[in-house]
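Colleague: sequence-free structure coming up:
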DNA sequence: AGTTAATATTAATACATGATCATATGTCGA
DNA sequence: TCGACATATGATCATGTATTAATATTAACT
């Protein structure tokens, strides 16, 4: 039993089936930080409320109150989610007196959003 | 005070700022089911382990044990996540004797995965 | 300065969910 | 049919997180 197999067994408890594939794919594997970063990005789209907010902002720049009204959400809940989205730089904000306007930060987000909805339509068929 | 403003206050407790925008965006708003469906789809990409699995499968069809070895995950954890991915029809499986091979179900998933990593690269600049 | 409006923040709560252990299921070979 | 291997499943536990109510902050107006 060679070292590689032993190492597999640490996590897998099973004899490796395809060492060549594992080796090849492992070499291309993103770092933990990269996977973490990407999964965190997708997490922003994974909640109903946040996705609704992202969707509305993809249609128009809006203030907090408008988002509340559109999505029938409480102001506090909207603010909380907006702050997460802003922290991840998915949205921008600008203040005009008492009112704060939010908008999508980049077109990338809009594209991914669109793909999500396209996928849904296709799945529904 | 008209009816609309009162209705806003139910959820928003604030006087509406832009009735026209709210009305327009509301008309285009996806249904709750649609938003639910799309957010659930993105949720599959929102966890480190699942994203790792999706990534490896985007490189090659693999059996459960190979995935464990590549990602240094326990077999049980991998199986649990694979079953979620399969339930959402993101992956397919085929059995060959004792070994079960998993693969990505559609190219849509691969495209979205790629966009996520592209976004990360751009953000890192 | 005091009041009101719009938004942000804090703390508490309830709920979802990923990992793990133990065990079950399925498949093959002796 | 028995044992070994590969995978799946159930139950439990710990962690994360969305929501809410209450309160703070910020800004405009009188």
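Modeller: Structure received. Note that the coordinates shown come from a computational prediction; the quantities given were computed from them, not determined experimentally. Residues are numbered from 1 along each chain as shown, chains lettered A, B, ... in the order given.
Colleague: use CA for all of it now, contacts and neighbours both
Modeller: OK.
Colleague: For chain A, list the residues in contact with DNA strand C, please.
Modeller: Within chain A, the positions near DNA strand C by Cα under 7 Å from any atom of the strand are A:63-66, A:75-77, A:79-80, A:82-83, A:98-101.
Colleague: which of those residues are close to DNA strand D?
Modeller: Checked against DNA strand D using Cα under 7 Å from any atom of the strand, those give the following subset in range: A:76, A:77, A:80, A:98.
Colleague: In helices only, show me those.
Modeller: A:76, A:77, A:80 (DSSP state H).
Colleague: quick one, what contacts the last one?
Modeller: Going by Cα atoms under 8 Å, 6 or more residues apart in numbering or on different chains, residue A:80 touches no other residue.
Colleague: can you pull the pLDDT of it?
Modeller: Looking at residue A:80, its pLDDT stands at 98.
Colleague: Would you map the strands across chain A?
Modeller: Secondary structure of chain A, counting by DSSP state E: strands at A:62-63, A:91-96, A:99-104.
Colleague: Of the ones you listed, flag the one that's most buried.
Modeller: Per-stretch averages of neighbours, counted by mean count of other Cα atoms under 10 Å in any protein chain shown, single out strand A:62-63 among these, with a mean of 22.
Colleague: residues in contact with residue A:44?
Modeller: If you count contacts by Cα under 8 Å, 6+ apart, residue A:44 has them with A:50, A:51, A:85, B:46.
Colleague: that older thread, dump the strands of chain A to a markdown table, plus mean pLDDT.
Modeller: Shown next, in a markdown table, are the strands of chain A (pLDDT from 0 to 100):
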| stretch | mean pLDDT |
| --- | --- |
| strand A:62-63 | 97 |
| strand A:91-96 | 97 |
| strand A:99-104 | 98 |
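Colleague: Distance to chain B added to those, as TSV?
Modeller: Converted to TSV, these look like this (distance: least, Cα to the nearest Cα, whole Å):
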stretch	distance to chain B
strand A:62-63	8
strand A:91-96	12
strand A:99-104	9
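Colleague: What pLDDT is listed against the closest residue to residue A:18 other than its chain neighbours?
Modeller: With sequence-adjacent residues excluded and distances taken as Cα to Cα, 6 or more residues apart in numbering or on different chains, residue A:18 is closest to residue B:66, at 6.6 Å. At residue B:66, the pLDDT value in this model is 97.
Colleague: What about residue B:66, how many residues nearby?
Modeller: Number of residues near residue B:66 (other Cα atoms under 10 Å in any protein chain shown) recorded here: 27.
Colleague: That one and residue B:99, how far apart?
Modeller: Plainly put, residue B:66 is 10 Å away from residue B:99 if you go by Cα to Cα, to the nearest Å.
Colleague: which residues do these two both contact?
Modeller: Counting by Cα under 8 Å, 6+ apart, no residue touches both residue B:66 and residue B:99.
Colleague: Can you give me every residue that contacts the residue nearest the centre of chain A?
Modeller: The central residue of chain A, meaning the one whose C-alpha is nearest the mean C-alpha position (Cα atoms, centre = their mean), is residue A:42 at 1.6 Å. In this structure, residue A:42 makes contact with B:42, B:43, B:45, B:46, B:116, judged by Cα under 8 Å, 6+ apart.
Colleague: per-residue confidence for the closest residue to DNA strand D within chain A?
Modeller: Scanning chain A for proximity to DNA strand D using Cα to the nearest atom of the strand identifies residue A:97 as nearest, at 3.2 Å. According to the model's per-residue confidence, residue A:97 sits at a pLDDT of 95.
Colleague: Cool, thanks, signing off.
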